[in-house]
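sequence plus predicted model, see below.
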Amino acid sequence: MNDRQLLTGLLKRCAKNCLLDQGKQVHGLVEMLGFGLDMVLNNDLIDMYAKCRRINLACCVFDKMPKRNVVTWTALMCGYLQDGDAKTSLSLFSKMGRSAVKPNEFTLSTNLKAAGIMGIAENGTQIHGFCAKSGFEWLPVVANSIIDMYSKCDRVSEATRMFNSMPVKNLISWNAMIAGYTLKRHGEEALNLFRKMQERGDIPDEYTYSSILKACSSLGAVREGTQVHASLITQGFPYLIQSTVSGALIDLYVKCRCIVEARRVFDQIEPKNVISWNSLILGYAQEDNLPEAMDFFQRLREKKHQVDGFVLSSLVGVFADFALVELGKQMHSYTIKLPFGIEISVSNSILDMYMKCGLTDEADALFREMPARNVVSWTVMITGYGKHGIGEKAVDLFNEMQVDGIKPDNVTYLAVLSACSHSGLIEEGEETFSSFCRNQQSKPQVEHYACMVDMLGRAGRLKEAKDLIERMPLKPNVGIWQTLLGACRIHGDVELGKEVGEILFRLDSNNPVNYVMMSNIYANAGYWKESEKIRYMAKRKGLKKEAGRSWIEIDKKVHFFYNGDETHPLTEKIHEVLKETEKTMKEEVGYVHNINFALHDVEEESKVESLRFHSEKLAIGLALASGGCEDGKRIIRIFKNLRVCGDCHTFIKGVSKLLKIVLVVRDANRFHRFENGLCSCGDYW
């Protein structure tokens, strides 16, 4: 073996094992022995530096080379792609096209991947065109990259066309197409292709199985997922040591609400990676089993696993959804101690948690302390202030972010328009919407028009709101008509409500929300026969409204209540407190039950009793019975999965005035701060 061959072998070994220091020493030998201009050795150096993630050193070698071949160019392109810089890879491909060097199948495959990562279909299509003209299209490595590129660029039909036209398909081809369908949530197509693959006798590998399990997850297809699980067992596939497959299987069972099966798989796999832990933690949280979720998180920490930012963000998201203030604060303290705790994604999750827990001051303090803020950071704050009815602050932040050089995206515009709507800032909302319409980079979607409809509806400008829906350049969806129907209910416009209701029944006849809203409109106007007719229609279709649920955190323990719930051990005491409070309120503040929000086919006394069983009242009753105000602040925080009904809203206003306390209620739409008999929503929610 001569010196040149020895040096080549050493560089390849350094590249394979990412031995940067040893690679630099071999580079020194290359120069010392006079091989500094040798093209093959320089190509090996570029490959070694690229695989060791030192792309700057690879560029230095590339720039000094007097001659370059296709291997030279391709090695550097691969280096940039591996370094996450797909744009520079495509730029190099363009420069190479202006030289005399022609691409090979690996050059084309690399840049098809780059186009897919960038999501730029035009670049990928141009490369595909070159492949078709030059005959490279039919080489498996190129054809598979074309499928992958089209899938990632949201051109699944072109990917399917390429797959179907391939004369020879290998396992990678099947995997690329199944993954493409899964990526774009075409789960049924992925399952059909998986069946065809098996019929042809092709044997799936870990990538096939992980993709098909993800497809089952997206469909909620637990039966098909269980069949895949059975196939893994019967074929003796080592899925319990394949983290991608076992992780996808746990995720499937979690998303299909089969937590027992998820736990069974989790207990069997070894070693357990942090993704599997995270899936199970979120699964228990999803089942409202927060003690088990926290126990698993504690065990994860004890295992000395490197808890990454994704896991922390996900767990903080659970605390935000359930408004677990104390646990959220503990997690914030925990993240500060970690090296990646200041990751912007983690900080954004904590911001969101504080806002959803009603702690705007804590959110603002963290926001101002963040060393870096992106568009998500600003949007979380704007959304939070909007939900709390602090529209002026939301608008100020929206203007401040643009001065700070951060461009708002569609979600930011949605947040500020919603904030203007909740706070009655019609002039500011119209100005923002006009500015958005003039934006050259993005245009309003249906959701943005729905905010404008809500804004006009709150102001009683119902005809203008309806005209806006009919004039907008987009097809109205169910949500925007429901927004207008909600405004009709508030302002008692039965005629327009009836018209909008008929539209909704045509568009979405199986949505119980539409029937409930129409029934309430008729009931509020005293049209009992029409109201009962709508309720009967819903009952005949078997439609049921989502059950109302409220919860409250007292002494770090979360108590859940459903409408009509009598399972809490303090139920008797809760009702005693509520009855006594109602009696005093009637005498001192003139509280009267709004029985429009009770069942219409029962006696008056029973209607009052049914209202007392509303979940938010039960939660408040527990707080009053157990002294659940925040220490020294006289604040009670209640959280609900649906909107607060009119009777409960009136009741809570009365409680705040009678007992001289503040009640903060987060419902499905916004925050309500009740103080001295008034609500921050201005009685419009």
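That came in fine, so what should we check first?

what are the contacting residues of the longest helix seen in the chain?
Secondary structure of the chain per DSSP state H: the longest helix is helix 571-588. Under the contact criterion Cβ atoms under 8 Å, 6 or more residues apart in numbering, helix 571-588 has outside partners 565, 568, 591-592, 612, 617-618, 620-622, 624-625, 651, 654-655, 658-659. The way it works is simple: take the backbone N, C-alpha and C, and place the C-beta from them, glycine included.

buried set for that helix?
Neighbour-count burial for helix 571-588 flags 571, 574-575, 577-578, 581-582, 585 (criterion: 16 or more other Cβ atoms under 10 Å).

of the residues you listed, which is the nearest to residue 205?
residue 571 (55.7 Å; Cβ to Cβ).

which regions of the protein lie under the pLDDT threshold?
Applying pLDDT under 70 to the chain flags the ranges 1, 306-307, 339-342, 593-612, 628-633.

all helices of the stretch 351-500 of the chain, in order?
Along the stretch 351-500 of the chain, counting by DSSP state H, counting those that start in this stretch, helices occupy 360-369, 375-387, 391-403, 410-423, 426-438, 446-458, 462-471, 478-491, 494-507.

do the stretch 501-650 of the chain as well
512-524, 528-540, 571-588, 604-612, 615-626, 646-659.

okay, those, which one's buried deepest?
Ranked by mean neighbour count, the helices of the stretch 501-650 of the chain are led by helix 615-626 with a mean of 24 (mean count of other Cβ atoms under 10 Å).

how about the strands in the protein?
Residue ranges of the strands in the chain, as given by DSSP state E, are 549-554, 557-562, 635-640, 662-666, 671-675, 678-679.

would you list these in TSV and tack on mean neighbour count and distance to residue 162?
Listed next are the strands of the chain as TSV, based on neighbours: other Cβ atoms under 10 Å; distance: least, Cβ to Cβ, whole Å:
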stretch	mean neighbour count	distance to residue 162
strand 549-554	21	48
strand 557-562	18	51
strand 635-640	24	50
strand 662-666	22	49
strand 671-675	22	51
strand 678-679	18	59
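
could those be laid out in CSV, adding distance to residue 300?
Converted to CSV, these look like this (distance: least, Cβ to Cβ, whole Å):
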stretch, distance to residue 300
strand 549-554, 23
strand 557-562, 21
strand 635-640, 26
strand 662-666, 29
strand 671-675, 32
strand 678-679, 41
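
tell me which of these sits nearest to residue 215.
Ranking the strands of the chain by proximity to residue 215 (Cβ to Cβ) places strand 549-554 first, at 31.4 Å.

I'd say residue 215 and residue 190 touch.
Yes: Residue 215 lies in contact with residue 190 (Cβ atoms under 8 Å); the separation is 3.8 Å.

between these two, which is the more surrounded one?
Legend: neighbour count by other Cβ atoms under 10 Å for residue 215 and residue 190, higher for residue 215 (29 against 25).

and the more buried one, what does it touch?
Listed by Cβ under 8 Å, 6+ apart, the contact set of residue 215 reads 178, 181-182, 187, 190-191, 194, 221.
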